[in-house]
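>>> Whatever this is, show me its structure:
(2 chains)
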Number of protein chains: 2
Amino acid sequence: MMMMVRQRVPRRQRLIEVGMDLFCNRSYEEVSIDEIAEIAEISKGLLYYYFPTKHDFYVAIVRYAAEQLLQETLPDEQLEPMERLRTSLNAYFTYVDRHAKAYLALLRGGVGVDAQVASIMDTVRQTYIQRILHNLAGNTPLAPAQLIAINGWVGFVEAISVSWLERREISQEELCELAVAAFLAVFRLQNKRPVVH
Amino acid sequence: MMMMVRQRVPRRQRLIEVGMDLFCNRSYEEVSIDEIAEIAEISKGLLYYYFPTKHDFYVAIVRYAAEQLLQETLPDEQLEPMERLRTSLNAYFTYVDRHAKAYLALLRGGVGVDAQVASIMDTVRQTYIQRILHNLAGNTPLAPAQLIAINGWVGFVEAISVSWLERREISQEELCELAVAAFLAVFRLQNKRPVVH
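Sure thing, here's the model as predicted:
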């Protein structure tokens, strides 16, 4: 039994990596089970064994991507708070840039997004909110309006990411400065900083 | 021909109103075609004539709600710019409060949200962005970073709405002040205003 479980992991993982490539470059609708099986060089039967439906496969990929994103944006506790925020934001924008098509589909398209996928996206948001809470206030509880403002700022970052990926009119550095400036403005950490560059 | 079209409008409209009630109080999954037909007092056959699938019906309702929301939040050109913004925001929060369950489902749930629904939601966002552009700059084009910032602020308002509806820890008035303060901060219209209340 143990042996079976051990053997299973790498192939499942390889399928997810194939899927990441596919779903990041084409839409949910465009990717077919046939194509996934062909690229991964496995039978459709075996693919269905791991992922009974295309949607199950998609959910597994979104979950994997969410974990990867959270991992790559882990705050570096050795940095000063603002540098920590800036570094994490840059890692976030780099990640969404590398997976632009999938990110836009998730945040705007609606195709393939159901309650399961939405719940993974919500977990990512909640993790960011917890990280910000920790960075802002340690373990001191914030006022309700501040907690709502943090939620708002996370929505701000998602929305500027979508807008940036759609038009690419400013550099990633400018985008990051905009997010940092909005953060400072919303949380009154530094009132004199210019807000829109 | 004209007569047929005229007759059709009120019944379709009535169905949409029944649907608005249903989908605002229960989730997409919970509402059945049988129930809609029963409440609207029409046969399932006739319901299918107007809306071939439950999803078509849902899309029609979301479209109707989007138009209603945009109508109720129309900026009052007679007011001063900040009062105009505040009044529209208050109308927005009143609307989403009245349709809280449906709003949360649309923004977070993922159930029933497909490309068509996502496109209606995007049209609403784009309309708000156009209204803000008009209010901020008349017809002067904004810098790309400012346009991205407006997109971000619309995302901020959606995210604070979700967070507020989920927890109800602050009043609608405080929520509105938070949105106005974020707007001012992000657009540097008035630097001295306190940001989080």
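
>>> From here on, just use CA atoms for contacts and neighbour counts.
Will do.

>>> Strands of chain A, start to end?
With DSSP state E as the criterion, chain A has no strands.

>>> where in it is pLDDT low?
A:1-9, A:109-111, A:139, A:189-197 (pLDDT under 70).

>>> how about the helices in it?
Taking DSSP state H, the helices of chain A run over residues A:2-25, A:33-40, A:44-50, A:54-72, A:81-98, A:100-104, A:115-137, A:144-167, A:172-187.

>>> Give me the neighbour count for A:C176.
23 (other Cα atoms under 10 Å in any protein chain shown).

>>> Equivalent analysis for the one 4 residues further on, please.
Other residues lying near A:V180 total 21 when counted by other Cα under 10 Å.

>>> got it, and A:G138?
For A:G138, using other Cα under 10 Å, the count is 11.

>>> Can you add distance to B:A181 and give the helices of chain A back as TSV?
Shown next, in TSV, are these (distance: least, Cα to Cα, whole Å):
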stretch	distance to B:A181
helix A:2-25	37
helix A:33-40	49
helix A:44-50	50
helix A:54-72	30
helix A:81-98	22
helix A:100-104	28
helix A:115-137	19
helix A:144-167	10
helix A:172-187	8
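
>>> Of the ones you listed, which is nearest B:R131?
B:R131 sits nearest to helix A:144-167 of all the helices of chain A, at 16.9 Å, using Cα to Cα.

>>> Of all the helices of chain A, which one is nearest B:I36?
Closest among these, using Cα to Cα: helix A:115-137, at 22.8 Å.

>>> Quick one: check the closest one for contact with chain B.
Yes - contact of helix A:115-137 with chain B (Cα under 8 Å from any Cα of the partner chain) involves A:115, A:117-119, A:122.

>>> from these, which would you call buried?
A:115, A:117-119 (16 or more other Cα atoms under 10 Å in any protein chain shown).

>>> hang on, the earlier thing: and the residues of helix A:115-137 next to chain B as JSON lines, adding distance to A:H55?
Formatted as JSON lines, those follow (distance: Cα to Cα, whole Å):
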{"residue": "A:A115", "distance to A:H55": "12"}
{"residue": "A:V117", "distance to A:H55": "10"}
{"residue": "A:A118", "distance to A:H55": "13"}
{"residue": "A:S119", "distance to A:H55": "14"}
{"residue": "A:D122", "distance to A:H55": "18"}
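
>>> Can you pick out the most distant pair from those residues?
A:A115 and A:D122 (10.2 Å).

>>> Now for the two: what residues contact both?
Common neighbours of A:A115 and A:D122, counting by Cα atoms under 8 Å, 6 or more residues apart in numbering or on different chains, are absent.

>>> what about A:V96, how many neighbours?
Neighbours of A:V96 using other Cα under 10 Å come to 19.

>>> excluding its backbone neighbours, what's nearest it?
Nearest non-adjacent residue to A:V96, counting by Cα to Cα, 6 or more residues apart in numbering or on different chains: A:Y103, 6.2 Å away.

>>> contacting residues for the one you found?
A:24, A:96, A:162.

>>> neighbours of the last one, just the number please.
Yep, that's A:V162 we're talking about. 23.

>>> Please name the nearest non-neighbouring residue to it.
Nearest non-adjacent residue to A:V162 (Cα to Cα, 6+ apart): A:L104, at 6.2 Å.

>>> Give me the distance between that neighbour and B:A149.
17 Å (Cα to Cα, to the nearest Å).

>>> So for the two, which sits in the more crowded spot?
B:A149 (28 against 21).
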